[in-house]
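[1] no FASTA, just this:
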């Protein structure tokens, strides 16, 4: 019997500036078997962007067809362009026992939480220690005008206000500590019954053995 | 703000001979803040048994009154005696941020899974690597007649057949490895949103801060 586990859909959400991208990079470096979910988009490729690596580039027609045929785990329209997470690469990864990491907002998280793969979802929200800290990090990036920063802060608050409903909510006041906590959570959640489909077969084996010995 | 977490109700179930008692003892030794749920019973105390430590000894009348008034998380009648888990010590422990360990069978686990404290339940089932191994362990205890062992094996199979529905199901083929896995699971589950009631207040603080700065 192969004890092949099922992969997790690991969703990381947070307002920008809370450390999510850094944490996602650290997780990818920690475990080479982790896959990052590449989004599909209808926007034009920018210089240097590779199809299938940075995005799956798609026509509006193809994108809409994918959505209507249930081939997107989640999707949204942002500034006139479509973005979405194709279900097929996720499905085949988790069947191979590989976890897939999603760096998506609360709307995407909610859609995946209602999808056919919801039983394999692990959702984590990263909160900043304070709004001041979040603001400082956005300002420290430089170059942005006050108007742009106000805009980002409003968007950040919209994201924070949807913190509820995630399996785990971590306050990132220390990157190393948060990374350690993320790893413990992932290691534990991989052991959940829902991730161990071979158990059904294993217990069937115990039953045969029991019937033979009694 | 105090980041006082809420304690977990950690349920360990398994057929006898799968290593549950040893694992429960190791967990208690690992974390001194863990509480073991002491059962109430209507059976007479045996020599050396202490009220409040080994059991809460109770009259049948008082026990039935407790059940009817919702003061038992779960209860069952076994060989003419009542056994049950009083809710009050569990409630006060988890409000103090202390986890409570339950060594109970699938019927108790199901009852607690439907109780008012279900959101704080972490349920774990321990399976033996094989029926042969389980049988050997029961025989190795010595003294028991074949009839008693057959009886135990039937009871064990009844327990195993209810493996499904637990949050985690671990095959105990190595005590040390299973112990390590249990600790990882407990450490992660302690971080779940449901165990962190202070988050609501924390996000309210972020909201005030956001409203002041914009």
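    Structure received. Everything quoted here is computed from the prediction, not taken from an experiment. Residues are numbered from 1 along each chain as shown, chains lettered A, B, ... in the order given.

[2] how far away is residue A:59 from residue A:44?
    Between residue A:59 and residue A:44 the distance, using C-beta to C-beta, to the nearest Å, works out to 11 Å. Where C-beta positions appear, they are placed from N, C-alpha and C, glycine not excepted.

[3] nope, residue A:76 is what I was after
    Relative to residue A:44, residue A:76 is positioned 18 Å away (criterion: C-beta to C-beta).

[4] would you pull up the residue in chain A closest to chain B?
    Across chain A, the shortest distance to chain B (C-beta to the nearest C-beta) belongs to residue A:188, at 3.3 Å.

[5] show me what contacts that residue?
    With contacts defined as C-beta atoms under 8 Å, 6 or more residues apart in numbering or on different chains, the neighbours of residue A:188 are B:184-185, B:187-189.

[6] name the element residue A:123 belongs to?
    Under the criterion of DSSP states H and E, residue A:123 resides in strand A:121-127.

[7] so what does that strand touch, helix or strand wise?
    strand A:9-13, helix A:106-113, strand A:168-171, helix A:175-189, helix B:198-213 (3 or more C-beta pairs under 8 Å, 6 or more residues apart in numbering or on different chains; DSSP states H and E).

[8] tell me which of these is the most buried.
    Highest mean neighbour count among the helices and strands packed on strand A:121-127 (mean count of other C-beta atoms under 10 Å in any protein chain shown): strand A:9-13, with a mean of 25.

[9] the helix or strand following that one close to chain B?
    Per DSSP H and E, the first helix or strand lying C-terminal to strand A:9-13 is helix A:20-30. No - contact of helix A:20-30 with chain B is not found when judged by C-beta under 8 Å from any C-beta of the partner chain; the minimum separation is 14.6 Å.

[10] got the buried residues for helix A:20-30?
    When burial is assessed from 16 or more other C-beta atoms under 10 Å in any protein chain shown, helix A:20-30 yields the following buried residues: A:20, A:23-24, A:26-27.

[11] residues in contact with whatever helix or strand comes next after that helix?
    Following helix A:20-30 in sequence order, the next helix or strand is strand A:35-36 (DSSP H and E). The set of residues external to strand A:35-36 that reach it, using C-beta under 8 Å, 6+ apart, is A:24, A:28, A:89, A:93, A:98-101, A:103.

[12] show the buried residues in those residues.
    If you count burial by 16+ other C-beta under 10 Å, the buried members of the contacts of strand A:35-36 come out as A:24, A:93, A:98-101, A:103.

[13] in CSV, list the residues you listed along with pLDDT.
    Supplementary listing: the buried ones among the contacts of strand A:35-36 in CSV, determined by pLDDT from 0 to 100:
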residue, pLDDT
A:24, 95
A:93, 97
A:98, 97
A:99, 98
A:100, 98
A:101, 97
A:103, 92
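
[14] just the ones of those in strands?
    Secondary structure defined by DSSP state E assigns A:100-101, A:103 of the buried ones among the contacts of strand A:35-36 to strands.

[15] make CSV out of those and add distance to chain B.
    Shown next, in CSV, are these (distance: C-beta to the nearest C-beta, whole Å):
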residue, distance to chain B
A:100, 19
A:101, 17
A:103, 20
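
[16] for residue A:37, state which of the residues you listed is nearest.
    The closest of these to residue A:37 turns out to be residue A:100 (C-beta to C-beta; 5.1 Å).

[17] that closest one and residue A:88 touch, don't they?
    No - at 11.5 Å, residue A:100 does not count as touching residue A:88 under the criterion of C-beta atoms under 8 Å.

[18] which parts of chain A sit against chain B?
    When proximity is defined by C-beta under 8 Å from any C-beta, chain A lies next to chain B at A:127-128, A:130-132, A:135, A:150, A:153-154, A:157, A:160-161, A:163-164, A:166-171, A:181, A:184-185, A:187-189, A:191-193, A:196, A:199, A:202-203, A:206-207, A:209-210, A:213-214.

[19] let me see the mean pLDDT of stretch A:119-129.
    Model confidence over stretch A:119-129, given as mean pLDDT, is 97.

[20] tell me the gap between that stretch and the middle of its chain.
    The gap between the average C-alpha position of stretch A:119-129 and the chain average comes to 8 Å, counting by C-alpha atoms, centre = their mean, to the nearest Å.

[21] please apply the same query to stretch A:166-175.
    With C-alpha atoms, centre = their mean as the basis, the distance from the averaged C-alpha position of stretch A:166-175 to the chain average is 14 Å.

[22] same deal with stretch A:100-118?
    For stretch A:100-118, the distance to the chain centre is 7 Å (C-alpha atoms, centre = their mean).

[23] need the residues that contact that stretch.
    The contact list for stretch A:100-118, computed with C-beta under 8 Å, 6+ apart, reads A:7-13, A:20-21, A:24, A:27-28, A:34-37, A:73-76, A:85, A:87, A:89-91, A:93-94, A:121, A:123, A:159, A:162, A:165-166.

[24] give me the distance between the two termini of it.
    By C-alpha to C-alpha, to the nearest Å, the extent of stretch A:100-118 from end to end equals 13 Å.

[25] tell me where the model's unsure across chain A.
    A:1-2 (pLDDT under 70).

[26] the most centrally placed residue in chain A pairs with what?
    With the centre of chain A defined as its mean C-alpha position, the nearest residue by C-alpha atoms, centre = their mean is residue A:102, 2.1 Å away. Each beta-bridge partner of residue A:102 is listed here, defined by DSSP bridges: residue A:11.

[27] measure it to residue A:22 for me?
    Residue A:102 is 16 Å from residue A:22, where distance means C-beta to C-beta.
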